[in-house]
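Participant: I'll drop the sequence and a predicted model, then ask my questions.
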Amino acid sequence: MLNPQQLAAVEHCDSPLLVLAGAGSGKTSVITQKIAYLIARKKLNPSKIAAITFTNKAAREMRERVGQLVSTEDAAALTVCTFHALGLKFLQIEHARAGLRRGFSVLDADDSNGIVKELAPRPVGGGGVKPDVLFGIRNLLSRAKNGGLSPEEALAAARSPRELEAATIYDMYQQRLAAFNAVDFDDLIRLPLRILESDAECRDAWRERFRYLLVDEYQDTNDAQYRLLKALTGERGGITCVGDDDQSIYAWRGANPENIDQLGRDWPNLRVIKLEQNYRCGKRILRAANQLIANNPHLHDKKLWSEHPEGAPIRVLECKEAEHEAERVAALATTLAEKHKARWHDIAILYRGNFQARVLEKALRLARIPYHLTGALSFLDRAEVKDLLCYLRLLTNPSDDAAFLRVVNVPKREIGSTTLEKLGQLAQSRQSSLLDATRSDSVLRQLTPRPAAALASFSGLLDELRSASLHESAADLVELILKRTGYAAQIAASTTDASVRERKLGNLKELADWFRAMQKGGNSAGDLASQLALLSHADRDEPGNAVRMMTLHSAKGLEFRFVFIVGCEDGTLPHEGAIDEGRIDEERRLMYVGITRAKELLTLSWSAKTKRYGDVHNNQPSRFLHELPQADLHWQGKDPEADKEAVRETAESHMAKIAAMLAGG
DNA sequence: ACGATTTTCAGCATC
DNA sequence: TGAAAATCGT
């Protein structure tokens, strides 16, 4: 079942292990088999094993696959979660060491952006903070946090006036979070790290708690995450990191692929095993991928090989314009379905930027091809879901001012910005949270009567809900909140059309169902809200049998029989900004990731002309196309005959469908 | 407090 | 170009 390299990776437990796992080389098998091996052969208690991933989706898949190898009991005892979920777990236990009280909140990106916005210096001419200034500060702040720096350290490390300003804001920002009894996403890594690095007693306890760590997508770790792993592992070296330097495509958001080499510096007894047999792609596709990536500098040479058949040549569609390209892709997808009996979900269309999806959608709709956009709108980003989670946060953690501000006037309670600003000042002067302030008669007396009454009734409502939360299940609590806050009524009364209303109510019902499903663990509603803050969209609704459309980034880790990569143009892939800044290598890896998604047939396409922000842009084919083995490519020019052929095929298939419908109905 | 108008931006996007 | 946010005006 396992090849010799995979087996070696599974059985090597005596020193830290780095597994350089090429695309499609069975890395998940290695991790899951190794977990089973540690339990069965090394007699390790499953509760002492942690498998760490980056996404919830990966964690869920890992749990599923490991569930097939070990007993239900052992599977339940394992820790299989994301870095951030691990950090949350840590802080829920060690909250006191981080200066947090029980029931602390996890702020999402919007909440923390809101805080930064408030703290950022207002331009002298009045008005709001400029978005790019805000963005810059957020960036510096996140970088400091990802580097594991405390506000004091960031202040000391600041070199430029901008960094100094950001560090000052960082300090105020953390004070604000402390007042809210809240942490942000970055803190879920940074705070555990700080505790582990400074508190030997705690560190020893956690090293005992987790005897073996397995890390997936290791090339995506940032500095703080690496230090967390290092602190948790210690000299004993019970760690296996699985990653692929050629699939490092997240440097732009702080991932540090250098961590791959850092491992050997920190543990001189590191063992390195390469997995080079690919079980996914045809030989041709693999040859193309290898030749492309050979243009990147490498510390560890790695050459993927496959026992699969050669496969069809890689097609390169040369198109006049983007509309054209989309039509041809749609026509070819139809051909695949008809002539090659492909299911729609065997087909994926990949692109560099989300904006490219629009023209493709249009063409697919026209060709009556069902499609699904991955990673478009997030379930948890829906306003109604967020509102409800904020109600739960506020019930668990009355200090959570961010949640208070979000829901205090939702649904409308005639509490406007003027009132809230005043309330904010009063709360600050008496050193209390906003919610606490609304309970004080002296505070209410200093406000105008109407808003004061509205605030008082709001806090009364929350008190009522809080007492209900003690004996209601989380799912019932959701229903109760909807009813008692008038949220459900507001949705029902909204003037928007019925489909929107239904969708909102559907989302909320789904949230309640979700809580019901998660209830088993005996978690409180607040715990569930914290965990939910860490969930993302990718694992939502099942796309069913539909063509999958997504960015190259979100395609990582997936595979499809038939893959189209559109927009292979210089300026798009590689992206213009990346060319300017000399960051071609990461773009090339992105292309590499895209190519290696294809199992059977790969089709690349580019357009000579694309509309860019209104005006027309002339393109050159992507330099990456020239880096591929030309003997394996089949260039299909923009000659009109090819198009006619495609259009005719689409038309024929329509006729066939209509005929079938008529015959069937 | 809300709706109309102007301005701005356009790359990926986890937790 | 077009969507979303910021600003303006009532």
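Facilitator: That came through, no problem.
Participant: which residue does the stretch 551-665 of chain A bring closest to DNA strand B?
Facilitator: Nearest residue of the stretch 551-665 of chain A to DNA strand B: A:Thr551, at 3.3 Å (Cβ to the nearest atom of the strand). Any C-beta I mention is one placed from the backbone N, CA and C, and that applies to glycine too.
Participant: that residue - how many residues pack around it?
Facilitator: Using other Cβ atoms under 10 Å, A:Thr551 is surrounded by 19 other residues.
Participant: and the gap between it and A:Ile565?
Facilitator: Going from A:Thr551 to A:Ile565 by Cβ to Cβ, to the nearest Å gives 11 Å.
Participant: which other helices and strands does the top strand by length along chain A contact?
Facilitator: What stands out as the longest strand in chain A, according to DSSP state E, is strand A:598-612. In terms of contacts (3 or more Cβ pairs under 8 Å, 6 or more residues apart in numbering; DSSP states H and E), strand A:598-612 is packed against helix A:283-293, strand A:314-321, helix A:322-339, strand A:560-565, strand A:615-618.
Participant: let me have those in CSV, extended by mean pLDDT, distance to A:Lys230 and mean neighbour count.
Facilitator: Shown next, in CSV, are the helices and strands packed on strand A:598-612 (pLDDT from 0 to 100; distance: least, Cβ to Cβ, whole Å; neighbours: other Cβ atoms under 10 Å):
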stretch, mean pLDDT, distance to A:Lys230, mean neighbour count
helix A:283-293, 96, 29, 23
strand A:314-321, 94, 42, 20
helix A:322-339, 92, 46, 22
strand A:560-565, 96, 37, 24
strand A:615-618, 84, 47, 10
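Participant: helix or strand: which one has A:Gly460?
Facilitator: Assigned by DSSP states H and E, A:Gly460 belongs to helix A:449-471.
Participant: and the contacts of that helix?
Facilitator: Residues outside helix A:449-471 that contact it (Cβ atoms under 8 Å, 6 or more residues apart in numbering): A:391, A:394-395, A:398, A:408, A:413-416, A:419, A:423, A:435, A:438-439, A:444-445, A:447, A:477, A:480-481, A:484-485, A:525.
Participant: give me the next element, helix or strand, following that helix.
Facilitator: helix A:474-484.
Participant: which SS class is the residue in the stretch 251-400 of chain A that DNA strand C sits nearest to?
Facilitator: In the stretch 251-400 of chain A, the residue that lies nearest DNA strand C is A:Arg358 (8.5 Å; Cβ to the nearest atom of the strand). Under the three-state scheme (DSSP: H, G, I helix; E, B strand; the rest coil), A:Arg358 adopts helix.
Participant: number of nearby residues for it?
Facilitator: For A:Arg358, the neighbour count with other Cβ under 10 Å is 11.
Participant: chain neighbours aside, what residue packs nearest to A:Leu188?
Facilitator: Spatially, and ignoring its direct neighbours in sequence, A:Leu188 is nearest to A:Gly87 (3.4 Å; Cβ to Cβ, 6 or more residues apart in numbering).
Participant: now name the helix or strand holding the one you found.
Facilitator: helix A:83-94.
Participant: the host helix or strand of A:Leu228 to helix A:83-94, inter-axis angle?
Facilitator: Secondary structure from DSSP H and E places A:Leu228 in helix A:223-233. With axes from the mean of the first three to the mean of the last three Cα atoms, to 10 degrees defining the directions, helix A:223-233 sits at 60 degrees from helix A:83-94.
Participant: and the contacts of helix A:223-233?
Facilitator: By Cβ under 8 Å, 6+ apart, the surrounding residues in contact with helix A:223-233 are A:16, A:52, A:83, A:87, A:145-148, A:186, A:189-190, A:192-193, A:196-197, A:203, A:206-207, A:210, A:213, A:215, A:221, A:239, A:241, A:254, A:256, A:259, A:262, A:266.
Participant: which residues touch the nearest residue to A:Thr168 once chain neighbours are set aside?
Facilitator: In this structure, A:Thr168 finds its nearest non-sequential neighbour in A:Leu155, 7.1 Å apart by Cβ to Cβ, 6+ apart. By Cβ under 8 Å, 6+ apart, A:Leu155 lies in contact with A:164, A:167-168, A:170-171.
Participant: so what's the closest residue to A:Tyr592 other than its chain neighbours up against?
Facilitator: Nearest residue to A:Tyr592, sequence neighbours excluded (Cβ to Cβ, 6+ apart): A:Ile293, at 4.8 Å. Listed by Cβ under 8 Å, 6+ apart, the contact partners of A:Ile293 are A:246, A:588-589, A:592.
Participant: closest to A:Leu505 among those?
Facilitator: Nearest to A:Leu505, judged by Cβ to Cβ, of the contacts of A:Ile293 is A:Arg589 at 43.1 Å.
Participant: pLDDT weak spots in the stretch 1-150 of chain A?
Facilitator: Applying pLDDT under 70 to the stretch 1-150 of chain A flags residues A:121-132.
Participant: cutoff 80 now
Facilitator: By pLDDT under 80, the low-scoring segments of the stretch 1-150 of chain A are A:118-136.
Participant: now the helices for it?
Facilitator: In the stretch 1-150 of chain A, the helices defined using DSSP state H, counting those that start in this stretch lie at A:4-11, A:27-40, A:56-67, A:72-77, A:83-94, A:109-119, A:131-146.
Participant: just checking, which helix or strand succeeds the longest one along the chain?
Facilitator: On the C-terminal side of helix A:131-146, the closest following helix or strand by DSSP H and E is helix A:151-157.
Participant: got the buried residues for that next one?
Facilitator: Across helix A:151-157, burial judged by 16 or more other Cβ atoms under 10 Å covers A:151, A:154-155.
Participant: and A:Gly577, how far from A:Ile293?
Facilitator: Distance from A:Gly577 to A:Ile293, by Cβ to Cβ: 21 Å.
Participant: swap that for A:Val80, sorry
Facilitator: For A:Val80, the distance to A:Ile293 (Cβ to Cβ) stands at 30 Å.
Participant: ok, A:Arg583 next?
Facilitator: Here the criterion is Cβ to Cβ. By it, A:Arg583 lies 16 Å from A:Ile293.
Participant: A:Arg343 - how many residues pack around it?
Facilitator: Using other Cβ under 10 Å, A:Arg343 is surrounded by 13 other residues.
Participant: now do the SS call for the nearest residue to it once chain neighbours are set aside.
Facilitator: Spatial nearest neighbour of A:Arg343, chain neighbours left out: A:Asn545 (5.6 Å); criterion: Cβ to Cβ, 6+ apart. Following three-state DSSP, the label given to A:Asn545 is coil.
Participant: quick check, A:Gln636 in contact with A:Leu317.
Facilitator: Yes. If you go by Cβ atoms under 8 Å, A:Gln636 and A:Leu317 touch, sitting 5.3 Å apart.
Participant: ok, the longest strand of chain A: who's next to it in the sheet?
Facilitator: Here strand A:598-612 is paired, per DSSP bridges, with strand A:314-321 (parallel), strand A:560-565 (parallel), strand A:615-618 (antiparallel).
Participant: so who does A:Ile491 touch?
Facilitator: Counting by Cβ under 8 Å, 6+ apart, A:Ile491 makes contact with A:384, A:501, A:504-505.
Participant: quick one: the residue in the stretch 251-400 of chain A positioned nearest to DNA strand B from A:Leu602, how far?
Facilitator: Nearest residue of the stretch 251-400 of chain A to DNA strand B (Cβ to the nearest atom of the strand) works out as A:Asn354 at 3.2 Å. A:Asn354 is 22 Å from A:Leu602, where distance means Cβ to Cβ.
Participant: burial count for A:Leu299?
Facilitator: A:Leu299: 12 surrounding residues under other Cβ under 10 Å.
Participant: quick one: the helices in the stretch 401-550 of chain A, in order.
Facilitator: Ranges of helices in the stretch 401-550 of chain A, per DSSP H, counting those that start in this stretch, are A:401-407, A:417-429, A:434-438, A:441-445, A:449-471, A:474-484, A:487-493, A:498-518, A:525-533.
Participant: dump those into JSON lines; add mean pLDDT and distance to DNA strand B as well.
Facilitator: Shown next, in JSON lines, are the helices of the stretch 401-550 of chain A (pLDDT from 0 to 100; distance: least, Cβ to the nearest atom of the strand, whole Å):
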{"stretch": "helix A:401-407", "mean pLDDT": "85", "distance to DNA strand B": "13"}
{"stretch": "helix A:417-429", "mean pLDDT": "81", "distance to DNA strand B": "5"}
{"stretch": "helix A:434-438", "mean pLDDT": "90", "distance to DNA strand B": "16"}
{"stretch": "helix A:441-445", "mean pLDDT": "88", "distance to DNA strand B": "17"}
{"stretch": "helix A:449-471", "mean pLDDT": "88", "distance to DNA strand B": "8"}
{"stretch": "helix A:474-484", "mean pLDDT": "85", "distance to DNA strand B": "20"}
{"stretch": "helix A:487-493", "mean pLDDT": "77", "distance to DNA strand B": "11"}
{"stretch": "helix A:498-518", "mean pLDDT": "73", "distance to DNA strand B": "15"}
{"stretch": "helix A:525-533", "mean pLDDT": "71", "distance to DNA strand B": "7"}
